[in-house]
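Q: Return atomic coordinates for the entry below.
(chains A and B)
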Amino acid sequence: DQQVKQNSPSLSVQEGRISILNCDYTNSMFDYFLWYKKYPAEGPTFLISISSIKDKNEDGRFTVFLNKSAKHLSLHIVPSQPGDSAVYFCAASGDNYGQNFVFGPGTRLSVLP
Amino acid sequence: DAGVIQSPRHEVTEMGQEVTLRCKPISGHNSLFWYRQTMMRGLELLIYFNNNVPIDDSGMPEDRFSAKMPNASFSTLKIQPSEPRDSAVYFCASNTWSGTGYTFGSGTRLTVV
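A: Next comes the predicted model:
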């Protein structure tokens, strides 16, 4: 049973519009969340994080929202750019050292020019 | 900093052969992780080490899989004997807790024919 779910395998968005990638988790012990971006033939790279003491974290065009009661987080990209086309992984951790992250299956984002 | 270095980048082998994947973590990182990525299951944690000691190997699929970390700068993941269903991209990652999760290597694409 997957503890971290990304129910949309793929998403297509027009350049300049908002991209919203969703992630749901089942383990209420998770208290730290990360988003990674992965290009083909490369390893995933860290994008943005959020701790359970917050409900929003923003970094430039990227904003992550956390709804603890719903066990849901989302990544917003505004405005979307063709270079954002990649696979996005949501990851969650509940151990004290934040070292053991569980990853979702990923969502492939395509930003169309 | 050269990042996490994995070798080889690609490996094609015949069923039944032994396969060894290698990883050099970032200097100073005290944790190392082996992940496997497949289309069906996304990123799965196989095993992780803290200070060269295996902490959690519950993700290792079978006894055919083994991992070692003889020192802080080197780890191996071995599959013996390999099977076609082992075909996947294997990622190594390392970290020292800084709130940014792991740094991933570029991965080894394994194909077992």
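
Q: contacts, neighbours, all on C-alpha from now
A: Noted.

Q: Tell me the spacing between the closest residue to B:Ser7 other than its chain neighbours and chain A.
A: The shortest distance from B:Ser7 to any residue other than its chain neighbours is 5.2 Å, reached at B:Arg22 (Cα to Cα, 6 or more residues apart in numbering or on different chains). Counting by Cα to the nearest Cα, to the nearest Å, the separation of B:Arg22 from chain A is 15 Å.

Q: ok, which stretches of chain B are strands?
A: Along chain B, counting by DSSP state E, strands occupy B:5-7, B:10-13, B:19-24, B:31-38, B:42-50, B:53-56, B:65-71, B:74-79, B:88-95, B:103-104, B:108-112.

Q: strands paired with the fourth one, and their directions?
A: Sheet pairing of strand B:31-38 (DSSP bridges) gives strand B:42-50 (antiparallel), strand B:88-95 (antiparallel).

Q: same check, this time on the shortest one
A: With DSSP bridges as the test, strand B:103-104 is paired with strand B:88-95 (antiparallel).

Q: Now do the partner strand: everything it contacts.
A: The contact list for strand B:88-95, computed with Cα atoms under 8 Å, 6 or more residues apart in numbering or on different chains, reads A:43, A:99, B:4, B:6, B:23, B:25-26, B:29-38, B:101-111.

Q: show me the contacts for A:Phe30.
A: Shown here is A:Phe30, whose contacts under the criterion Cα under 8 Å, 6+ apart are A:Ala92, A:Ser93, A:Gly94, A:Asp95.
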